[in-house]
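Requesting a structural model of the entry that follows:
(chains A and B)
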2 protein chains.
Amino acid sequence: MDPKVTKLLSGRNLVHLATVMGDGSPQVTPVWAGCEDDGCITVNTAEGRVKHKNVLRNNRVAISVASAEDPLEMATIRGVVEEIVEDHNYVHADRLTRQYMDRDSYPFKRPGERRIVFRIRPVSVYVMPRIVPSE
Amino acid sequence: MDPKVTKLLSGRNLVHLATVMGDGSPQVTPVWAGCEDDGCITVNTAEGRVKHKNVLRNNRVAISVASAEDPLEMATIRGVVEEIVEDHNYVHADRLTRQYMDRDSYPFKRPGERRIVFRIRPVSVYVMPRIVPSE
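Predicted structure coming up:
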């Protein structure tokens, strides 16, 4: 993956994940994301959320991310959720908690919630060219 | 509109706008957005961009926004582009430049580009509850 994208997705930058609703309208929500060695992007969510239902019906997704420190560093990605993996023991959620909050244990657990991971295979990746404002 | 959403959309927070491609897959890109007195959200883009083509085919869109200063302040919106307005004189682009960059004139003009404004009527607005991390 482009090193700029890897950097954007390895930091504390909130990622915006788009899916498609059953009625054909788009849906987009902020999520945490991580980069995997095999080139996949992983997103942590919970069973039964709207985005989960949408992905079960249509596994095509899109991602938009900008650097929190430098919003002119941006990338957009289109891809497919090639696998949904259980994270009921919060192993992946804890990993993203280290990435995003620099603490060891996911602090937003809810009773009865079952975490899952979308493994997203990028189909197209677009790093926005660095635009320079005119004087 | 919920004052939290108005605040999120009146600041310097990058907004992520999702549309749907002709093949039914989602697309999402970072944009600047503004709040209007009539409750619409306006987004500035240019003629011929992918999002413009998508909206001409399917006017349903979604928005995700988080506060740059406090990423736990988040909102998602689903709506319809009820009108596309010309901004060839950069009046709206200049206004958003004041909002986002605190300067008077849109500094990213490109030769031959024709700016346009999506007027988005919100259909559903979701302000994410303020979650508190456990100790």
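
Quick one: name the residues of chain A near chain B.
With the criterion set to Cβ under 8 Å from any Cβ of the partner chain, chain A comes near chain B through A:14, A:16-20, A:24-30, A:58, A:60-64, A:66, A:68, A:71, A:74, A:76, A:78, A:101, A:107-109, A:128, A:131, A:133-135. All C-beta atoms are positioned from the backbone trio N, CA, C, and that covers glycine.

Centre of the chain to stretch A:119-134, how far?
15 Å (Cα atoms, centre = their mean, to the nearest Å).

mean confidence score for that stretch?
For stretch A:119-134, mean pLDDT rounds to 89.

Any buried residues in that stretch, and which?
For stretch A:119-134, the neighbour count (16 or more other Cβ atoms under 10 Å in any protein chain shown) marks A:119-120, A:122, A:125 as buried.

who's in contact with the one helix or strand residue A:62 maps to?
Assigned by DSSP states H and E, residue A:62 falls within strand A:60-66. Strand A:60-66 has contacts (Cβ atoms under 8 Å, 6 or more residues apart in numbering or on different chains) with A:8-9, A:13-20, A:28, A:33, A:41, A:55, A:72-81, A:118, A:120, B:14, B:16, B:18, B:24-30.

thinking again about what came up before, give me the subset of the buried residues of stretch A:119-134 lying in helices.
Judged by DSSP state H, the buried residues of stretch A:119-134 include no members of helices.

and the longest helix seen in chain A, what other elements does it pack with?
When chain A is parsed with DSSP H, its longest helix is helix A:91-101. Judged by 3 or more Cβ pairs under 8 Å, 6 or more residues apart in numbering or on different chains; DSSP states H and E, helix A:91-101 is in contact with strand A:33-35, strand A:41-46, strand A:115-127.

now it: mean pLDDT?
Averaging pLDDT along helix A:91-101 yields 96.

In it, which residues are buried?
Of the residues in helix A:91-101, A:92-97, A:99-100 count as buried by neighbour count, 16+ other Cβ under 10 Å.

Between these, which sits nearest residue B:47?
In terms of Cβ to Cβ, no member of the buried residues of helix A:91-101 lies closer to residue B:47 than residue A:100, at 37.4 Å.

mind saving the C-alpha coords of the longest helix of chain A as CSV?
Extracted in CSV, the C-alpha atoms of helix A:91-101 (Å, rounded to 0.1, in the frame of the first residue of the first chain):
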residue,chain,number,x,y,z
VAL,A,91,-8.0,-8.5,20.9
HIS,A,92,-8.4,-6.3,17.8
ALA,A,93,-10.3,-3.6,19.7
ASP,A,94,-7.5,-3.5,22.3
ARG,A,95,-4.9,-3.2,19.5
LEU,A,96,-6.8,-0.2,18.0
THR,A,97,-7.2,1.3,21.5
ARG,A,98,-3.4,1.3,21.7
GLN,A,99,-3.2,2.9,18.3
TYR,A,100,-5.8,5.6,18.9
MET,A,101,-5.7,6.2,22.7
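
neighbouring contacts of that helix?
Against helix A:91-101 from outside (Cβ under 8 Å, 6+ apart): A:10-12, A:32-34, A:42, A:44, A:85, A:87, A:103-107, A:115, A:117, B:133.
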